[in-house]
Every structure is written in structure tokens, then in C-alpha cells.
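Undergrad: Return atomic coordinates for the entry below.
(one chain, ligands or ions: 2)
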Amino acid sequence: MSKLTTPVLEALCGQVTRERYSSAVYLTLACFCDERNLPGFAKWHRARSCEEMGHAQKLIDYILDRDGQVCVDTINAPDCSCFNVLETFTTALEHERKVSHNIEELASVALRANDLTTFTFMGWFLLEQVEEEKTLEEIIARYQLEGGPSLLEKELGS
Ligand SMILES: [Fe+2]
Ligand SMILES: [Fe+2]
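TA: Numbers count the residues shown, from 1 in each chain. Ligands and ions are numbered 1, 2, ... in the order given. Modelled structure (predicted):
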């Protein structure tokens, strides 16, 4: 018998799908950079892609720990067309801001269901989003300040 209410379980499963979608977004951005011979940026995006799969797995483990049934849903092809490398980061930031909003909603669902365990569990994800948005904002600021990728490209690839 699941310890999760239906609305909370559905919200958690929805987030599993969104984390997997996030992983596909970063993978697409990594390919964009690799195709333009910028392996440092590609490596950075690819590492984020792996991290997002880690987030999905963290949610899956939690659902299973609470005796819930995990639904592995289909994910859409990422909708992210970039024209230059800077746009890979602005696209990622826009995406992360949406994800932050999704996670806030998930935490609210848990709170409304009086599920304080899930609410507490989601705290980790909320703080992770703060970190991810901050990192992307810093990369974008530095890219614009330095007027191009050279130094930053090397740094992110190391
Ligand atoms: Fe994530
Ligand atoms: Fe993320």
C-alpha cells in the first residue's frame, strides 16, 4: 500500500518525466556545442544532462521507498533551437526557471495533502534549482563580459 496520496504520486511521477526531459535538453545543447567544435561547453552541458538523470533517479528512489508505483512515461523531443553558443546557456536558464516553478508547485501539492515528508524531500530540489539558476546566470554574465567563449570554454571543459 502506497504511503503517497494519488495527487502527490502523480506530481512526483510528472517531475520524474520533467527531469528526464531536462536531461534531453542538456544533451541537445551539448551536441550543439560539439558540432561547433567547442568541447569545453559540450562537456559542461553533458555533465548537466547526467545530473538531470540523477535527479530523476532520486525521485524514483523516493517513490519506491514510499511504496509508490513509478510511471516511466514518454518524453517529448527537446524544443530548443539555438543560433549561437550563448543561447545554449540562456535556453538552459529559461528552462531551469520553468523547472523551479514546477518544483514549487509540487511542494505545494505535498503541503496541501499534509504530506510533510514529501514536502521536506522536495526542499533539496528547491535549493538545487537556486544553485543551477545562479550558476547559469554567472556563466551568461561572464560570457557577455569577456565578449566570447575562449577563456570560459576552456574553464568549463576542465
Ligand atoms: Fe533537475
Ligand atoms: Fe536542472
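Undergrad: for the protein, which spans come out with low pLDDT?
TA: Scanning the chain for pLDDT under 70 picks out 148-150.
Undergrad: any idea which helix or strand carries the one residue in it that gets nearest to ligand 1?
TA: Residue nearest to ligand 1 within the chain: residue 55 (3.7 Å; Cβ to the ion). For the C-beta atoms, the positions are set from N, CA and C on the backbone; glycine is no exception. Using DSSP states H and E, residue 55 maps to helix 39-65.
Undergrad: Pull the number of nearby residues for the residue of the chain closest to ligand 1.
TA: Residue 55 has 21 neighbouring residues, counting by other Cβ atoms under 10 Å.
Undergrad: Skipping adjacent residues, who's closest to it in space?
TA: In space, and not counting its chain neighbours, residue 55 is closest to residue 19: 4.3 Å by Cβ to Cβ, 6 or more residues apart in numbering.
Undergrad: tell me which strands and helices the one helix or strand the one you found maps to is in contact with?
TA: Following DSSP H and E, the helix or strand that holds residue 19 is helix 6-35. Here helix 6-35 touches helix 39-65, helix 85-112, helix 116-146, going by 3 or more Cβ pairs under 8 Å, 6 or more residues apart in numbering; DSSP states H and E.
Undergrad: Next, the angle from that helix to helix 85-112.
TA: Computed by axes from the mean of the first three to the mean of the last three Cα atoms, to 10 degrees, the angle separating helix 6-35 from helix 85-112 equals 170 degrees.
Undergrad: How far does helix 6-35 sit from its chain's centre?
TA: From the chain centre to the centre of helix 6-35 is a distance of 6 Å (Cα atoms, centre = their mean, to the nearest Å).
Undergrad: residues of it that come out buried?
TA: 8-9, 11-30, 32-33 (16 or more other Cβ atoms under 10 Å).
Undergrad: Check stretch 54-65 too.
TA: Those buried within stretch 54-65 under the rule 16+ other Cβ under 10 Å are 55, 56, 58, 59, 60, 62, 63.
Undergrad: Please report the distance of residue 65 from residue 20.
TA: Distance of residue 65 to residue 20, computed by Cβ to Cβ, to the nearest Å: 19 Å.
Undergrad: Hmm, I typed the wrong one, I wanted residue 41.
TA: Residue 41 sits 22 Å away from residue 20, going by Cβ to Cβ.
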